[in-house]
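Student: Need coordinates for the below:
(one chain, ligands or ions: 1)
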Amino acid sequence: MHIPKGALVVSCQARADNPLHGPIFMSAMARAAMAGGAKGLRANGKDDVAAIRALTTMPIIGIDKVFDDQFPVYITPDFESAVRIAHAGADIIGLDATPRRRNGGPVENLIGRIRKELGREVFADVSTFEEGKAAAAFGATYVATTLSGYTDETAATNGKGPDFELISALVAAVSVPVVAEGRFDTPDLVAAAFERGAHAVVVGTAITNPREITKKFVQATQPWAYEENTSAP
Ligand SMILES: CC(=O)N[C@H](C=O)[C@@H](O)[C@H](O)[C@H](O)COP(=O)(O)O
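Tutor: From the prediction side, this is the model:
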C-alpha cells in the first residue's frame, strides 16, 4: 500500500541493546502508534516486520539493518536482505541509496530488482540532494532525508535538528514524493516539514524510544545524574 499524503509514519525500532528489542515490544509500539493516528510504520528486521504485518494492512516500510565493519552501508544493503523483508510482509522496502560501498551490487541495480522482481515500492534513504535526485532517476518510489547527518559528507548537520534545506531542495527537484525523516522530535517540526512540501514525515526516537527520551530529560535537567548513570559498569 502507498504512503498517503500528509501521513505521520512512526518508526518502531529497537536495537539488540535496547530493553524494548524484539517483536513483542515493537508490535505493541506499532499498535500504540496506530491508535494515536499514525498512517504508516517503519520497522527493522523480518521478525518485527512480520509481527507488525500480522496486526495491520497499513503501509510498512521494512528495512533490514546488516552491520559489517567493512562497509558503511547497513540499511538493506543487498537484494537478499530486501527479499527477507518483502517475504516478512513489507509493502515498501527502505534502503540506503547513497553511492557508498556496500556488500552487494550498485544501488541502481538493487532498486531496479526490488521494483521488478519483488514488485515492491522502494523508499530511498539519502543524505544529500545529489543522492536524492539519483535515487529518483533509478526508480525509487519515495526519496527520504533519513541519512542526512549520518554520512561523512553530512556529519556536520547532525545534532542540528532536521535537514529542512534538503527537504525543500528535493521537493523542488524530483517528481517522486519526498519524505522527511531524521531528528523530528516535536509536532512543530513535523508541521514545518509539511509546509515545505514533504509528502509524509517519519518519526522514530521521539515516539518509540523511551530510553533516549528519558536521557534527554535527564541530560537537560540533571546532568550530574546522567554522568553517574552512564559511568556505572
Ligand atoms: C540513521 C539511521 O540509521 N536511521 C534509522 C533508520 O532506520 C533509525 O535509527 C532512525 O531512528 C529513523 O530514521 C527515524 O529517525 P529519528 O529516530 O531521528 O526520528
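
Student: List the strands paired with the host helix or strand of Gly94, with their directions.
Tutor: In this structure, Gly94 sits in strand 92-96 according to DSSP states H and E. Strand 92-96 has its sheet partners listed here by DSSP bridges as strand 60-63 (parallel), strand 121-125 (parallel).

Student: and the longest one, does that touch the ligand?
Tutor: No - using Cβ under 6 Å from any ligand atom, no contact is recorded between strand 121-125 and the ligand, whose separation bottoms out at 6.8 Å. Where C-beta positions appear, they are placed from N, C-alpha and C, glycine not excepted.

Student: And the strands in the chain?
Tutor: With strands called from DSSP state E, the chain shows them at 7-12, 40-44, 60-63, 92-96, 121-125, 142-144, 178-181, 200-203.

Student: So what's the residue count around Asp69?
Tutor: Using other Cβ atoms under 10 Å, Asp69 has 5 neighbouring residues.

Student: The one 4 residues further on now?
Tutor: Residues contacting Val73 under the criterion other Cβ under 10 Å number 23.

Student: shaky segments in the chain?
Tutor: 225-233 (pLDDT under 70).

Student: Residue of it closest to the ligand, please.
Tutor: Of all residues in the chain, Gly204 sits closest to the ligand, at 2.9 Å by Cβ to the nearest ligand atom.

Student: Now for the spatially most central residue of the chain: which residues touch it?
Tutor: Among the residues of the chain, the one closest to the centroid is Thr146, at 5.7 Å (Cα atoms, centre = their mean). Residues near Thr146 by Cβ atoms under 8 Å, 6 or more residues apart in numbering: 75, 94, 125-127, 181-182, 202.

Student: how near is it to Glu117?
Tutor: Distance of Thr146 to Glu117, given as Cβ to Cβ, to the nearest Å: 24 Å.

Student: what does Thr76 give?
Tutor: For Thr76, the distance to Glu117 equals 14 Å [Cβ to Cβ].

Student: Can you name the residues bridging to Ala200?
Tutor: Applying DSSP bridges to Ala200 gives these bridge partners: Ala7, Val179.

Student: Thought Ile167 was touching it, still the case?
Tutor: No - at 11.4 Å, Ala200 does not count as touching Ile167 under the criterion of Cβ atoms under 8 Å.

Student: picking up where we left off before, what's near enough to touch the residue of the chain closest to the ligand?
Tutor: When the contact criterion is Cβ under 8 Å, 6+ apart, the partners of Gly204 are 10-13, 42, 181.

Student: same check, this time on Phe123
Tutor: Per Cβ under 8 Å, 6+ apart, neighbours of Phe123: 61, 92-95, 140-142, 144, 179.

Student: 10 Å instead, please
Tutor: Phe123 is in contact with 3, 9, 40, 42, 59, 61-63, 75-76, 90, 92-95, 97, 135, 140-144, 146, 177, 179, 181, 202, counting by Cβ atoms under 10 Å, 6 or more residues apart in numbering.

Student: So which of these reach the ligand?
Tutor: Subset of the contacts of Phe123 in contact with the ligand: 63, 146, 181, 202, counting by Cβ under 6 Å from any ligand atom.
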